[in-house]
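1. Would you be able to build a 3D model of this:
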Amino acid sequence: MIVALEGRYRWIRPLAEADVPTLKAWEQDPEIAYFCGRKFPDGEEAGGWWQALQRDRHRTGFAIVSQDGALIGDLELEHIAWRAGRAEIRISIGDKRYWDRGIGTAALREGLEVAFAELACERVYLRVTEDNARALHVYRKLGFRKTGVLPPSDRLPGSPSLFLMEIDRARYYGKSCNADSAASGSTAAR
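-> Residues are numbered from 1 along each chain as shown. All right, here's what the predicted structure looks like:
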């Protein structure tokens, strides 16, 4: 699904097909694959992933860009449950030169704004490995709360547990924005 951002966001823009080879290349980095998971299973063509993203009304993708507009990561809203008002958010800064600069935090804030103001979500959740201290710090700073733990998978021996975290609209706007932002958002077509 494509969400028009109309130039209102500084750190995210709609994902473009030209971005996909770079996203796939970043997955070759073991650290990125470990912390962010893999969106392209081995052997899957990137074009198939792109086409599926465009057709799926329950997910949308955004490019994260640097101050000069260069692609440095991506953000997805997935498993959008329109009636329940929930979505999962996933973020990855693939260009490690931009780690620890605050851009991921700013992009995540903008992704939450899209979820709450544009898509009318009431709740956004995420999954994060228990040992991803950098991400946990950001999520807590933005107001996410741990709601559960998924134990390590038997499929991947030695994998860490996953924390489930969520934030609701009221907590988000009370924590990092003023209430006027919530009222000014539009609702995307479903």
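
2. what number of residues lie near I91?
-> 22 (other CB atoms under 10 Å). (Each C-beta comes from the backbone N, C-alpha and C, glycine too.)

3. For the spatially most central residue of the chain, give me its contacts.
-> Among the residues of the chain, the one closest to the centroid is R90, at 2.9 Å (CA atoms, centre = their mean). Contacts for R90 (CB atoms under 8 Å, 6 or more residues apart in numbering) come out as 36-37, 75-76, 78, 126.

4. What's the PyMOL line that selects buried ones from these?
-> Filtering the contacts of R90 down to the buried ones (16 or more other CB atoms under 10 Å) takes a single PyMOL command:
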select buried, resi 36+75+76+78+126
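
5. where does the protein have its least confident helix or strand?
-> helix 179-184 (a mean of 41; mean pLDDT, DSSP states H and E).

6. which residues does S161 contact?
-> When contacts are counted by CB under 8 Å, 6+ apart, S161 touches 129-130, 149-152.

7. low pLDDT regions in this structure?
-> 1-2, 4, 41-44, 153-158, 175-190 (pLDDT under 70).

8. Kindly recompute the last result at 90.
-> Counting by pLDDT under 90, the ranges of the chain that qualify are 1-9, 24-25, 27-54, 150-161, 174-190.

9. any chance you could map the strands in it?
-> Counting by DSSP state E, one finds strands in the chain at the ranges 12-14, 60-65, 71-81, 86-93, 123-129, 145-150, 162-168.

10. Helices along this protein, start to end?
-> Remark: helices assigned in the chain by DSSP state H are 20-26, 30-36, 46-55, 103-113, 133-141, 169-176, 179-184.

11. gap between the closest residue to S92 other than its chain neighbours and T105?
-> Leaving aside its chain neighbours, S92 sits nearest to C36 (4.0 Å; criterion: CB to CB, 6 or more residues apart in numbering). As judged by CB to CB, to the nearest Å, C36 and T105 stand 16 Å apart.
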